[in-house]
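> The following block contains a protein sequence and its predicted model.
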Amino acid sequence: MASLEQFFPHLLRFEGGFVDDPADPGGATNKGITLATFNRYAASLLGVAPGLASLRALSDAQALQIYKTGYWDALRADEIADQPLAEIVFDFYVNAGSAAVKLLQRVINESGATPPLAVDGGFGPGTLRALQSADAVDLYRRYRRGRAEYYQDLVQRRPPLAKFLNGWLNRVNSFPER
């Protein structure tokens, strides 16, 4: 089964330190974790006070806890047998939320899922079953292409985000072809 700990160093290469770019809709982030997400988990999961100062002080170990609880577990990624597929879906989920699951559902449907999945952005048991029964390499390839197309479309719809496009595409391209 897939392992977040195995992928975490790769994630941190793209979700490095503290950033507060006014053009970024996520606002202030550290290690890719937005202030809103951090505040949701600060006290209950990490035992620290919510707020910008605590976000700035976020350690790798704390970030890993948030990613495991808020993202990896939400995707039931421990139950995905193919490590590269789990990684690329998780990575996009960190970056784009439910849009990552919608893309996965569309790609699974295009691969001939029976019955077709509702493209609702919810990662439920039906999505997991369909993912587990699909050809992992084919799904990965289609997902990787779809992710690049998503970013290009996003920039078409929201031109101020063009400044992030090369970084997003570099991130997609950091996942090897299969």
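Ah, there it is.
> how does this protein divide into domains?
Using automatic domain parsing, the domain parsing of the chain gives 4-74, 81-173.
> Would you reformat these as TSV and include mean neighbour count and mean pLDDT?
In short, each C-beta sits where N, CA and C put it, glycine included. What follows is the domains of the chain, written out as TSV (neighbours: other Cβ atoms under 10 Å; pLDDT from 0 to 100):
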stretch	mean neighbour count	mean pLDDT
domain 4-74	16	95
domain 81-173	17	96
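> tell me the contacts of F175?
P84, E87, I88, D91, R144 (Cβ atoms under 8 Å, 6 or more residues apart in numbering).
> Which members of those residues occur in helices, if any?
P84, E87, I88, D91, R144 (DSSP state H).
> thought the second one was touching S3?
Spelled out, it's E87. No. Look at E87 against S3 with Cβ atoms under 8 Å: they stay out of range, at 9.3 Å.
> and the residue nearest to L75 when sequence neighbours are not counted, what does it touch?
What sits nearest to L75 in space, not counting adjacent residues and going by Cβ to Cβ, 6 or more residues apart in numbering, is F123, at 5.3 Å. By Cβ under 8 Å, 6+ apart, F123 lies in contact with A74, L75, R76, V101, L104.
> Please apply the same query to S174.
H10, R13, F14.
> Please narrow these to those residing in helices.
H10, R13, F14.
> Would you map the strands across the chain?
18-19, 29-30, 33-34 (DSSP state E).
> which other helices and strands contact the second one?
The one in question is strand 29-30. Applying 3 or more Cβ pairs under 8 Å, 6 or more residues apart in numbering; DSSP states H and E, we find strand 29-30 packed against strand 18-19, helix 52-56.
> Tabulate the ones you listed in a markdown table, adding columns for distance to Q65.
Below are the helices and strands packed on strand 29-30 laid out as a markdown table (distance: least, Cβ to Cβ, whole Å):
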| stretch | distance to Q65 |
| --- | --- |
| strand 18-19 | 18 |
| helix 52-56 | 13 |
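> and L139, which of those is closest to it?
Comparison of the helices and strands packed on strand 29-30 against L139 by Cβ to Cβ identifies strand 18-19 as nearest, at 31.4 Å.
> For the closest one, which strands pair with it and how are they oriented?
Sheet pairing of strand 18-19 (DSSP bridges) gives strand 29-30 (antiparallel).
> chain center to the strand it pairs with, what's the gap?
With Cα atoms, centre = their mean, to the nearest Å as the basis, strand 29-30 stands 15 Å off its chain's centre.
> How about stretch 125-141?
Relative to the centre of its chain, stretch 125-141 is centred 16 Å away, using Cα atoms, centre = their mean.
> For the ones in helices among the contacts of F175, give me CSV that also has distance to P115.
Formatted as CSV, the ones in helices among the contacts of F175 follow (distance: Cβ to Cβ, whole Å):
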residue, distance to P115
P84, 27
E87, 27
I88, 25
D91, 28
R144, 25
